[in-house]
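> Got a predicted structure here, sequence first:
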Amino acid sequence: MIQLDSLTKVFDTPKGAVVAADHIDMEVPAGEICILIGPSGCGKTTTLKMINRIVRPSSGKVFIDGKDTTDMNTQDLRRSIGYVIQQIGLFPNMTIEENITVVPRLLGWDAPRFKKRAREMMDMIAMDAEVFLKRYPSELSGGQQQRIGVARALAADPPVMLMDEPFGAIDPINRAVIQDEFLKMQQELNKTILFVSHDIDEAIKMGNRIAVFREGKLVQYSSPDDLLAAPENAFVESFLGEDRALKRLNLVKVRDVVSNEIGTVRPDETLETALARIDDFGYQNSILMVNDRHQPVGMITRSVARTTKGYCRDHFQAAPPLASLDDDLRKVASLMFAHDTTWLPCVDEQGRVSGQITQRAMTRHLGSRYRSRSEERIHAGREE
């Protein structure tokens, strides 16, 4: 959807020419979010602004959906691209409805159509149209204004969106909420998005691809997983931080690591049966008790099963914390640390046991990715 072909910007200053963006080559497939990240002054925002011509390129081209935008009318180009900035930029003398419908009105939409669109956008960003549409920006919180900024950028249904640190001015709690809401919207909208950020954790969470910039140059352009597993050089490695292996926990879902080898007992089975099944799964010191719907209802420990007679229904402890198949490994690791355990049962959307996840399996999964990338590099070095 977006292709940058040797895109370059040189600024003339009293001290001479400054290269802000140096022959940037990138392709962003339709429906993906690409995060531009790097230290201050590295060229990421300049690159973003050249796409909608807020900054005019010194050389190079921008293609959108295969079309060269060089000779496009600047106003038409900008109206076809959604744009969100950190400062939000809502018009203070306009109502929220008027702010959201700015571009549709410029495009000649009739009143019933753009008013309907404003209400659709309010539903999409989880704000009550009856409460907020007639208010002014000054009557909203910073987080609410940011949501309106996103709604305004989406109102005319542009295929491409540019976002310049859109959540940077919001407090951490609201930022996480808005990020999650935006990702849910993206699953439905499937927009192609270039997104400038200074936060590597935000980049990993939000991006399908990450472009790392340094001194006007594109240093590495990879998926988040590839970026963390195989930094291109020492600069990228230092930028990612020493905890980059832990950052990968955000990228892996439980369903990628879950094992279906898990022992269970029913309430009407004996403790002797429970002990035998615990022994069958020798690395565990307990076993899960499930009901007729195969949902966890408790846990039998080895010590109880070995020293007590009777039925499981009379001697169980509370069920351990559960992991959903769609949880990421960061949440799982947090639960394991908090509850001093090395394994968790996993459940599906109906709450039925579908397997287990262990600390060892998580370590192996993450480690195998690093080992494979290291082997690829060694092999490539030998071929050279």
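Structure received.
> Which residues outside stretch 4-23 are in contact with it?
Residues outside stretch 4-23 that contact it (CB atoms under 8 Å, 6 or more residues apart in numbering): 24-27, 43, 46-47, 50-51, 55-63, 215-217. C-beta here means a position set from N, CA and C on the backbone, and glycine is covered the same way.
> Next, the buried residues of stretch 122-136.
Judged by neighbour count (16 or more other CB atoms under 10 Å), stretch 122-136 contains these buried residues: 122, 124-125, 127, 129, 132-133.
> What about Thr342, how many residues nearby?
The local packing count at Thr342 equals 13, with neighbours defined by other CB atoms under 10 Å.
> how many neighbours does the nearest residue to it once chain neighbours are set aside have?
The shortest distance from Thr342 to any residue other than its chain neighbours is 4.3 Å, reached at Gln359 (CB to CB, 6 or more residues apart in numbering). Around Gln359 there are 15 other residues, counting by other CB under 10 Å.
> Looks like Gln359 contacts Met336 (just checking).
Yes. Because the distance of 6.1 Å satisfies CB atoms under 8 Å, Gln359 is recorded as touching Met336.
> Overlap in contacts, these two.
Shared contacts of Gln359 and Met336, defined by CB under 8 Å, 6+ apart, are found at 342-343.
> Restricted to strands, list the contacts of stretch 4-23.
Residues from the contacts of stretch 4-23 lying in strands, with DSSP state E as the criterion: 24-27, 59-63, 217.
> List just the nearest of those to Arg175.
In terms of CB to CB, no member of the ones in strands among the contacts of stretch 4-23 lies closer to Arg175 than Met26, at 25.9 Å.
> For the closest one, which residues are in contact?
Contacts for Met26 (CB under 8 Å, 6+ apart) come out as 2-4, 34, 211, 218, 221.
> hmm, try it at 7 Å
Listed by CB atoms under 7 Å, 6 or more residues apart in numbering, the contact partners of Met26 are 4, 211, 218, 221.
> circling back: by neighbour count, which of the ones in strands among the contacts of stretch 4-23 wins?
In terms of neighbours by other CB under 10 Å, those top out with Ile24 at 25 neighbours.
> Apart from its chain neighbours, what residue comes closest to that residue?
Spatially, and ignoring its direct neighbours in sequence, Ile24 is nearest to Leu7 (4.4 Å; CB to CB, 6+ apart).
> what about that neighbour, which helix or strand?
Secondary structure assigned from DSSP states H and E places Leu7 in strand 2-13.
> quick one: buried residues of that strand?
Judged by neighbour count using 16+ other CB under 10 Å, the buried positions of strand 2-13 are 2-4, 7-9.
> Looks to me like Glu349 is in a strand.
No. Counting by DSSP: H, G, I helix; E, B strand; the rest coil, one finds Glu349 to be coil, located in no strand.
> Just send the contacts of Met26 back as CSV, with distance to Leu90 too.
Rendered in CSV, the data for the contacts of Met26 read as follows (distance: CB to CB, whole Å):
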residue, distance to Leu90
Leu4, 29
Ala211, 28
Leu218, 32
Tyr221, 33
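> With pLDDT as added columns, please give those in JSON lines.
Rendered in JSON lines, the data for these read as follows (pLDDT from 0 to 100):
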{"residue": "Leu4", "pLDDT": "94"}
{"residue": "Ala211", "pLDDT": "95"}
{"residue": "Leu218", "pLDDT": "94"}
{"residue": "Tyr221", "pLDDT": "94"}
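> List only buried entries from those residues.
Applying a neighbour-count criterion of 16+ other CB under 10 Å, the buried members of the contacts of Met26 are 4, 211, 218, 221.
> Got phi/psi on the last one?
Spelled out, it's Tyr221. The phi and psi torsions at Tyr221 (degrees, to the nearest 10) take the values phi -130, psi 100.
> which residues pair with it across the strands?
Residues in a beta bridge with Tyr221, per DSSP bridges, are Ala211.
> Contacts only, for it.
For Tyr221, the contacting residues are 26, 209, 211, taking CB under 7 Å, 6+ apart as the criterion.
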